[in-house]
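J.: Sequence isn't available, so here's the structure alone:
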């Protein structure tokens, strides 16, 4: 149990376009989902926390208009990188947390974004 | 505020030898402590966690960690390392009294040589 998937696993896009990344909890209901960003050889930096049906809470320094997060259901959250630029190239990882035995963060496999 | 320190960027160990990856933490309330492993271009895999109870926690793949409150440490150990244990290891802490947020250490790269 506690499987989290991400789609796509990698994406290459042109500068100025928008990219949507999906995060799904496959076998539990995620009341909270988290989005992280990881630069090469660095640790994970929390970008935002989202609760199902409400607006995401962004960490300091993260542009909410650039990184749009939607947590429309208990099994799906999406991160949209709008007007992507090369500096947005990174590894994006989501995690999901539920209740009961799922009351911890379970991580997705990550999405590698490359902006040309 | 909560923080995690992993003092070693890299640990090298010969296969079959004991492996230790160090972690110290700072948190206001009760610490919930975690270890994760990351292989190249992959997400994080959960190894073990300490919430309460026995200070020695056993986890996946033969790993264990010992919670030491006085030293605010949660070092990861494995008695006999395998080449396949070569990966990036992250320690993380959450304040049990407040919020969801996990704070990660900077990571330690483990290289196990045959």
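T.: Okay, I see it. Predicted model only: the values in this text are computed from it and were never measured.
J.: how many neighbours does the closest residue to residue A:73 other than its chain neighbours have?
T.: Leaving aside its chain neighbours, residue A:73 sits nearest to residue A:52 (6.7 Å; criterion: Cβ to Cβ, 6 or more residues apart in numbering or on different chains). Every C-beta, even on glycine, is put in place using the N, C-alpha and C of the backbone. The local packing of residue A:52 (other Cβ atoms under 10 Å in any protein chain shown) involves 16 other residues.
J.: Just confirm residue A:52 contacts residue A:71, I think it does.
T.: Yes. With contacts counted by Cβ atoms under 8 Å, residue A:52 reaches residue A:71, the gap being 5.1 Å.
J.: Between those two, which contacts overlap?
T.: Listed as contacting both residue A:52 and residue A:71 by Cβ atoms under 8 Å, 6 or more residues apart in numbering or on different chains are residue A:33.
J.: What number of residues are in the vicinity of residue 33?
T.: Using chain A here. So residue A:33, with other Cβ under 10 Å, has 29 neighbours.
J.: Chain B, not that one
T.: The burial count for residue B:33: 23, using other Cβ under 10 Å.
J.: so residue A:8 makes contact with residue A:111?
T.: Yes. In this structure, residue A:8 is within contact of residue A:111 by Cβ under 8 Å, at 6.2 Å.
J.: quick one: which of those two has more around it?
T.: Neighbours of residue A:8 and residue A:111, each counted by other Cβ under 10 Å, are more numerous for residue A:111; the result is 22 against 13.
J.: hmm, back to that, give the residues shared as contacts by residue A:8 and residue A:111.
T.: Counting by Cβ under 8 Å, 6+ apart, the common neighbours of residue A:8 and residue A:111 are residue A:21.
J.: returning to what we had before: mind listing what the residue nearest to residue A:73 touches?
T.: Contacts of residue A:52 (Cβ under 8 Å, 6+ apart): A:30-33, A:71-74.
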